[in-house]
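Chemist: please work out how this folds:
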Amino acid sequence: MKNILTIIVFFLLANQVKSQKDTSWQNMYGSNKEEVKEKLTAFIHHYNYENQIYYTDTTIEMMLPKAHRKRTMYFIFYFDKNNLCNSISNTMCDSLTEKNLDYFNKNYRKLSWNKIGENKYLSNYREKILLEIFTHENCLVTIKTKLNITRKEYKAMLKGSE
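Modeler: Residues are numbered from 1 along each chain as shown. You can find the predicted model right below:
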């Protein structure tokens with residue numbers, strides 16, 4: 001009985017962690033503004049976050065203060081001329097900023113990123129995402145941009161970084 005209970009608890013925890021990592025609202029590349037708005041609204045209501053969302057012609061900006069964690073997160077979803085999301089900026093401001101950046105810089109290869117320049121990383125070709133990561137004041141800023149490039153252009157970006 002104890003083994004079954006342990007397995008059930010493990011399964012529940014694994015699903016919770018998976019759902020936190022697989023937040024589809026963070027992978028909105030190619031989604032239009034209405035789709036992004038719907039996913040953000042569902043996310044906010046699901047987790048009961050207090051939030052502020054601002055809309056412009058080319059962006060959706062969201063602020064998620066987390067008072068119990070002493071952290072504030074800012075997200076900006078950028079839209080191209082076809083009104084499709086092509087870039088996402090995430091800014092987290094807390095006391096772990098330097099520690100998180102240090103961890104990333106030491107482990108970017110294990111996390112499947114290729115360094116191509118100062119604070120710039122490239123995903124695998126299938127994903128085609130350019131990552132810029134840096135600190136600003138007490139915040140860790142990541143900007144992920146979906147690239148529309150050929151395999152030849154991808155290889156040239158990797159080669160240019162050597």
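
Chemist: where does the prediction get shaky in this structure?
Modeler: Across the chain, residues meeting the criterion (pLDDT under 70) sit at 1-26, 66-70, 161-162.

Chemist: where do the helices sit along it?
Modeler: The residue ranges that make up the helices of the chain, judged by DSSP state H, are 2-21, 33-47, 97-107, 151-160.

Chemist: give the buried residues for the last one.
Modeler: What that stands for is helix 151-160. Applying a neighbour-count criterion of 16 or more other C-beta atoms under 10 Å, the buried positions in helix 151-160 are 154, 157. Backbone N, C-alpha and C define where each C-beta goes, glycine included.

Chemist: tell me how far it is from the chain's mean position?
Modeler: Computed by C-alpha atoms, centre = their mean, to the nearest Å, the chain-centroid distance of helix 151-160 equals 23 Å.

Chemist: got it, and the second one?
Modeler: Using C-alpha atoms, centre = their mean, the mean C-alpha position of helix 33-47 is found 15 Å from that of the whole chain.

Chemist: stretch 113-125 now?
Modeler: Distance of stretch 113-125 from the chain centroid (C-alpha atoms, centre = their mean) equals 15 Å.

Chemist: for stretch 112-128, same thing?
Modeler: Offset of stretch 112-128 from its chain centre (C-alpha atoms, centre = their mean): 14 Å.

Chemist: residues touching Leu158, list them.
Modeler: Contacts for Leu158 (C-beta atoms under 8 Å, 6 or more residues apart in numbering) come out as 114, 116, 122.

Chemist: the second one contacts Ser123, correct?
Modeler: No - using C-beta atoms under 8 Å as the test, Ile116 is too far from Ser123 to be in contact (10.6 Å).

Chemist: joint contacts of those two?
Modeler: Common neighbours of Ile116 and Ser123 are not found (criterion: C-beta under 8 Å, 6+ apart).

Chemist: what number of residues lie near the closest residue to Ile149 other than its chain neighbours?
Modeler: The shortest distance from Ile149 to any non-neighbouring residue, by C-beta to C-beta, 6 or more residues apart in numbering, is to Lys128 (6.2 Å). The local packing count at Lys128 equals 18, with neighbours defined by other C-beta atoms under 10 Å.

Chemist: how far away is Lys128 from Tyr55?
Modeler: Using C-beta to C-beta, to the nearest Å, one obtains 27 Å as the distance from Lys128 to Tyr55.

Chemist: can you check Thr41 too?
Modeler: Following C-beta to C-beta, the distance that separates Thr41 from Tyr55 is 12 Å.
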